[in-house]
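[1] next come a sequence and a model predicted from it.
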Amino acid sequence: EMDKFALLFTAVFALPFFSAQQKMTLAECETAFQENNLQLLAEQYNISIADAEIIQAKIWELPEVSFQMNAYNPESHRVFDVGPAKGAQISQLIYMGGKKKNEIAFAKSNKELTQLQFNQLLADLRLQLREAYYNLYYEEQKLQNTESQLHYLSDLLAAYKVQTQKGNISLKDEVRLQSIVIQLNNDKTQINNNIVNFRQILKTMTGIDEEIESSVQESEAANILASQPFGNPEELKQKALANNADYLYNQKLIDNAKLYAQWQKSLNIPDLNLGAGWDQNGGTFKNEINLIIGIPLPLWKNNKGNVERANFVTTQSEKNAEFQKRTLENQIDATYQTWKNNFNQYHELQPKDLANLETVYNGILKNFRTGNVNLIEFTDFLESYQQTILQVFEMKKQTILSAEELNRLVQTKIFY
């Protein structure tokens, strides 16, 4: 009974540690990302906010209506002696100097900036998603290879322990084998921790609750690794200057600052207050209709400080845009060279070289079982093989990740 209870206890409390997994292609992850990513959805509201600010900029001041009547008649000593002494006025503020036009143009420019900010966020988050996906894919490849070796060596170690206890094999051989198993288990733990991290990133970015498992065909991965960018670094720079949202944002800031300065200058021009009034009995004529015109006296520029500030902001924006251009061009050069280095390093390995590695690995296993290879030769080769395999996966991954970074900078299709 106690054994049954212990088994049930273990089964119940082990359930939370087993979570559902879902195989997804990169395209499926990107679709879920665009539909569910909360950071992206929240940023989209800024575009709606900018639209609302354009609407607000188009709205004029409300017309003002006033009515006047007698409050106290000192001759008849009557309060609110309305009688024939009433009057009314209506007035409207008329913007002069193109104030409204400039304000609306500035609001529209702000929306364009907001759209560029959204585009850059989309590019940055999309890079994070794709990096996490390819990292996950190659960590899963590493795990599969490591577990395959670990399964064989764990069985072998168990057999060695039996033979050691019987005195047929020296303890030194058992310990040597044990050290490789420990190293493989350490590799497996590190790989599993990496997988947990990348799956967590993908879950957050896609809004999917299940643990995501990559789904990449070997032929697809091979095509990606063989892809090269359409154009040399100079051509890529031109494409980046035409498409990189962060750079375009800094360029657009110059126009935005100029529009703001133009708006602030127009605020120095006095506005006109135009209206009409009716006076029943208090003017020169009875039931008098009057035209009312009011305008401030432009004795000084009441917005001079804001105009100077706007001019400084314009100059500052021009310097920032120039710096951003140089930065982007340098990033293109460095990222292209990084990709090229990774690409060349990986493609120095011929498919035949990798096939030979697997052939020798299988041959070593077979010869070790038949006694043609001793334990020292066997373990030395396994250590070298494991290190090489992990390096090959890393080379593949770094080649793809550097290409993804180049894609993010150029922000137009240049790879596959």
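    Received, thanks.
[2] could you look up the SS state of Asp209?
    With DSSP: H, G, I helix; E, B strand; the rest coil as the basis, the three-state label of Asp209 is coil.
[3] swap that for Gly275, please
    Recorded secondary structure, Gly275: strand (three-state DSSP).
[4] can you count the residues close to it?
    The tally of other residues near Gly275 (other CB atoms under 10 Å) stands at 19. Using the backbone N, CA and C atoms, a C-beta is placed for each residue, glycine as well.
[5] next: the one 4 residues further on.
    A count of nearby residues for Asp279, using other CB under 10 Å, gives 19.
[6] just the helices in the stretch 51-200 of the chain please.
    99-166, 171-206 (DSSP state H, counting those that start in this stretch).
[7] what angle separates the first one from helix 171-206?
    Computed by axes from the mean of the first three to the mean of the last three CA atoms, to 10 degrees, the angle separating helix 99-166 from helix 171-206 equals 160 degrees.
[8] now helix 99-166, how far from the centre of its chain.
    13 Å (CA atoms, centre = their mean, to the nearest Å).
[9] same check on the last one?
    Centroid separation between helix 171-206 and its chain, computed with CA atoms, centre = their mean, is 30 Å.
[10] which strands and helices sit next to that helix?
    Contact here means 3 or more CB pairs under 8 Å, 6 or more residues apart in numbering; DSSP states H and E; on that basis helix 171-206 packs against helix 26-36, helix 99-166, strand 211-214, helix 375-410.
[11] next one: the first one
    When contacts are defined as 3+ CB pairs under 8 Å, 6+ apart, helix 99-166 sits against helix 26-36, helix 38-57, helix 171-206, strand 211-214, helix 245-266, helix 375-410.
[12] could those go into TSV alongside mean pLDDT and mean neighbour count?
    Converted to TSV, these look like this (pLDDT from 0 to 100; neighbours: other CB atoms under 10 Å):
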stretch	mean pLDDT	mean neighbour count
helix 26-36	94	16
helix 38-57	91	14
helix 171-206	94	16
strand 211-214	94	20
helix 245-266	94	20
helix 375-410	94	18
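[13] need the ones you listed in TSV with distance to Ser317, can you?
    Below are the helices and strands packed on helix 99-166 laid out as TSV (distance: least, CB to CB, whole Å):
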stretch	distance to Ser317
helix 26-36	31
helix 38-57	18
helix 171-206	32
strand 211-214	42
helix 245-266	4
helix 375-410	22
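[14] Glu103: how many residues sit nearby?
    21.
[15] for the closest residue to it other than its chain neighbours, which residues are in contact?
    Spatial nearest neighbour of Glu103, excluding adjacent residues (CB to CB, 6 or more residues apart in numbering): Ala57 at 4.6 Å. Residues in contact with Ala57 (CB atoms under 8 Å, 6 or more residues apart in numbering) are 100, 103-104, 106-107.
[16] before we move on, the earlier item: nearest to Ser266, of the helices of the stretch 51-200 of the chain?
    For the helices of the stretch 51-200 of the chain, the distance to Ser266 is smallest for helix 99-166, at 4.8 Å, taking CB to CB.
[17] how about the spatially most central residue of the chain, what does it touch?
    Residue closest to the average C-alpha location in the chain (CA atoms, centre = their mean): Leu125, at 2.4 Å. Leu125 makes contact with 33, 37, 39-40, 205, according to CB under 8 Å, 6+ apart.
[18] what helix or strand is Leu299 on?
    Under DSSP states H and E, no helix or strand contains Leu299.
[19] picking up where we left off before, now render the helices of the stretch 51-200 of the chain as a markdown table, adding distance to Ala221.
    Converted to a markdown table, these look like this (distance: least, CB to CB, whole Å):
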| stretch | distance to Ala221 |
| --- | --- |
| helix 99-166 | 8 |
| helix 171-206 | 16 |
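[20] any idea which of the ones you listed gets closest to Gly294?
    helix 99-166 (16.5 Å).
[21] between that closest one and helix 26-36, how many degrees?
    Going by the same axes, to 10 degrees, helix 99-166 makes 130 degrees with helix 26-36.
[22] now helix 99-166: average pLDDT?
    Taken as a whole, helix 99-166 has a mean pLDDT of 94.
[23] so that helix versus helix 375-410, what angle?
    Using the same axes, to 10 degrees: helix 99-166 against helix 375-410 is 180 degrees.
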